[in-house]
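Chemist: Give me coordinates for this.
(chains A and B)
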Amino acid sequence: MSVLELSGVSKRFGGLQALSGISLSIAPSEVLGLIGPNGAGKSTLVSCITGVLRIDGGVIRFEHRDIQRLSPHQRARRGIARTFQKVRLADQLTVYENVAAGLASRWFSRASGWSSVFRPLSAKSVGQAVNRALEQVGLGDVSGTVVKSLPFGRRHFVEIARAMVSEPRLLLLDEPATGLTETERERLAMLVKEIGASGCAVILVEHDLELVGYLCQRVTVINQGRHIFTGTPAAAQSDREVIRAYLGMNQLISEGADDARG
Amino acid sequence: MSSRILLIAAFAVLAALPLIFGTFWINMVINALIFSLAVFSINLLTGFTGLLSFGQAGFVGIGAYTLGVLTKQGTPPLFAGLYGVLLAMLCGFLLGLPAARLKGHYLAIGTLGFGILIYQLLTNSVDITRGPMGLIGIPTGVIDKQTWYLVMLAVCLTLLAALAYIDRYSALGVILKMVRHDEIAAQASGINVFAVKLIAFTVSAGFAGLSGALFAAYARFLTPDLFNEQESFRYMMMAVVGGIGSPLGGFVASLVLTIIPEGLRALGEDNYRLLVYGTMVLFVLWFLPAGIGGLIERQRR
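Modeler: Below you'll find the predicted structure:
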């Protein structure tokens, strides 16, 4: 039983083979770490899953359906949500409005019909969902604030709320811990655990390996577009290929895992 | 609450204006109200959705000439106006198909090209439009100016209220603004960016077409020059002075920017008045980069 299944996914940019034959699968509630050195193809893989890029070979199945032909907005409506490495929010709009935009995938679903876009933003159905998402990420107090005046760290959480408001079955977090303070990092870790526990599968692309070691039961390591390892964070440290690809990284993972146990 | 009373008082004054001023001024205000519909079309397209268009006069021309040509052939004005709006929307849709894929300067040039294309068509299709000779005596009947004024005021305020609702309170407003701010994030939130842009082009063209149809019905006289690219720039200037995303600001700006140049005729008939006018516009943009709408917003807070 898997939410997302990739088999033999390849992507080529001109002469550069960005991804070659990547296979992975993720179950509901699982938090899968996706790591690899800079330029390994992590972001390309995220773009292939969300539909920003079309793959050249292989199959991507979401909830057992082939989604290759679907465009990004269609995939979002099916239940794939994401955040971005560089925060992408409408700066001049309020936190509430930004999160409400995440509901678009529901407004445009066949069940609700197009007329739902004319309803007021203050409608109960909108307000409840948005406020729930804001509470979940701990931003209930700033819902009326314009994003521009929020500290950078908190903007990451607005993005997560926007992604979660539509109740996705798969959430892709692209380096969510970048630029966060220590307290915010802890908050993020708790939040991702909660999201996983609620049944949503999470793919966590992250450089903060301590965080990955703490949150993930499994990590997938890619290097130069190739899959080189999938297993527990602890096992990754002793994998020779991982060590070769990513010298020194294994040490950090083990420390992260030890911290989590201790 | 006090702002609401202020608003009602403002409308009362607006509705009573024809009793105070003479025909010359009423005529001008009616024209300004008709312009404001074209400015709304820019508020919707450029202000909310972020699509720059320098071809709006083309849609205005399509609406105007459809009404003009059809009523001269015996179609009742109301239907002719409706056909004008629908034809403008169809053209907006067709222009949107390629234009919704363009960005920035390319979009600006593409829409500018569309405007020039329509102008050339109106000028050269002499069999249909009589070209530069103009379409004279459009049989829409003589309605007194007071009535025209009140009808136009009602139309403008209704559309203004609808746009303000969409802008401020509706889910649709957030969707449009998401597309303007960040297309990639909009897609990731399940918004079909291309479809939204296409709809924005179509509806915006409808507003502009309505402006044109009403102009033709009111003026009962058309020449292609009324719809050249300079008019597109004028609409854009009104929208910018009004604050690009603010329909209320655009409404005020179209009134003010139509009336002031006429009022400046007191300075004499030579071109000094244009110098004064241009300087005033520059100063507005210098001190109010968010336009009149930005000023209203600041007062509200």
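Chemist: Any chance you could spot the residue sitting in the middle of chain B?
Modeler: Centroid check for chain B by C-alpha atoms, centre = their mean gives residue B:38 as the closest residue, at 1.0 Å.
Chemist: That residue reaches residue B:214, doesn't it?
Modeler: No: with contacts counted by C-beta atoms under 8 Å, residue B:38 stays clear of residue B:214, the gap being 10.1 Å. (Glycine included, C-beta is placed from N, CA and C.)
Chemist: picking up where we left off before, next secondary structure after the strand or helix carrying the residue nearest to the centre of chain B?
Modeler: Following DSSP states H and E, one finds residue B:38 within helix B:23-42. Remark: after helix B:23-42, the chain's next helix or strand is helix B:56-72, criterion DSSP H and E.
Chemist: That next one: what's the following helix or strand?
Modeler: helix B:77-99.
Chemist: List the buried residues for that next one?
Modeler: For helix B:77-99, burial by neighbour count (16 or more other C-beta atoms under 10 Å in any protein chain shown) applies to B:77, B:80-85, B:87-89, B:91-93, B:95-96, B:99.
Chemist: before we move on, what about stretch A:37-46?
Modeler: Buried-residue list, stretch A:37-46, by 16+ other C-beta under 10 Å: A:37, A:40-46.
Chemist: Let me have those residues in TSV, extended by distance to chain B.
Modeler: Converted to TSV, the buried residues of stretch A:37-46 look like this (distance: C-beta to the nearest C-beta, whole Å):
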residue	distance to chain B
A:37	25
A:40	22
A:41	19
A:42	17
A:43	13
A:44	15
A:45	15
A:46	11
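Chemist: ok, back up a step: by pLDDT, give me the weakest of the buried residues of helix B:77-99.
Modeler: In terms of pLDDT, the lowest of the buried residues of helix B:77-99 is residue B:77, showing 86.
Chemist: Any idea how many residues pack against the nearest residue to that residue once chain neighbours are set aside?
Modeler: Leaving aside its chain neighbours, residue B:77 sits nearest to residue B:140 (4.5 Å; criterion: C-beta to C-beta, 6 or more residues apart in numbering or on different chains). Per other C-beta atoms under 10 Å in any protein chain shown, the neighbour tally for residue B:140 reads 21.
Chemist: hang on, residue B:140 is in a strand, isn't it?
Modeler: No: per DSSP: H, G, I helix; E, B strand; the rest coil, residue B:140 lies outside any strand segment and is coil.
Chemist: Now do whichever residue of the stretch 51-200 of chain B sits closest to chain A, the pLDDT please.
Modeler: The nearest approach of the stretch 51-200 of chain B to chain A comes at residue B:190, 2.6 Å away (C-beta to the nearest C-beta). Per-residue pLDDT puts residue B:190 at 86.
Chemist: Now it: closest residue in space, sequence neighbours ignored.
Modeler: Nearest residue to residue B:190 in three dimensions, chain neighbours excluded: residue A:105, at 2.6 Å (C-beta to C-beta, 6+ apart).
Chemist: before we move on, what about residue B:11?
Modeler: Once flanking residues are discounted, residue B:11 sits nearest to residue B:157: 7.2 Å by C-beta to C-beta, 6+ apart.
Chemist: what helix or strand is that neighbour on?
Modeler: Per DSSP H and E: helix B:145-168 holds residue B:157.
Chemist: Okay, buried residues for that helix please.
Modeler: B:148-149, B:152-153, B:155-156, B:159-160, B:163-164, B:166-167.
Chemist: list the contacts for residue B:292?
Modeler: With contacts defined as C-beta atoms under 8 Å, 6 or more residues apart in numbering or on different chains, the neighbours of residue B:292 are B:241-243, B:246, B:249, B:252-253, B:256, B:284.
Chemist: among the residues you listed, which are in reach of chain A?
Modeler: Among those, no residue sits close to chain A (C-beta under 8 Å from any C-beta of the partner chain).
Chemist: Need these in TSV (columns: pLDDT).
Modeler: Formatted as TSV, these follow (pLDDT from 0 to 100):
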residue	pLDDT
B:241	85
B:242	84
B:243	84
B:246	86
B:249	85
B:252	86
B:253	86
B:256	85
B:284	82
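Chemist: Which single residue in the stretch 201-301 of chain B comes nearest to chain A?
Modeler: Going by C-beta to the nearest C-beta, chain A is nearest to residue B:245 of the stretch 201-301 of chain B, at 9.2 Å.
Chemist: per-residue pLDDT, the residue lying closest to that residue once chain neighbours are set aside?
Modeler: Spatial nearest neighbour of residue B:245, chain neighbours left out: residue B:47 (3.6 Å); criterion: C-beta to C-beta, 6+ apart. For residue B:47, the model assigns a pLDDT of 85.
Chemist: a strand runs through residue A:179, doesn't it?
Modeler: No: applying three-state DSSP, one finds residue A:179 to be coil, outside a strand.
Chemist: That one against residue A:152, yeah?
Modeler: Yes: using C-beta under 8 Å, residue A:179 is in contact with residue A:152, at 5.5 Å.
Chemist: about what we covered before: please enumerate residues in contact with the helix or strand following the helix holding residue B:157?
Modeler: The helix or strand immediately downstream of helix B:145-168 is helix B:171-181, counting by DSSP H and E. Contacts of helix B:171-181 with the rest of the structure, by C-beta under 8 Å, 6+ apart, involve A:89-93, A:97, A:100-101, A:103-104, A:107, A:116-121, A:123, A:126, B:48-50, B:166-167, B:185-186, B:189, B:191, B:193, B:196-197, B:200.
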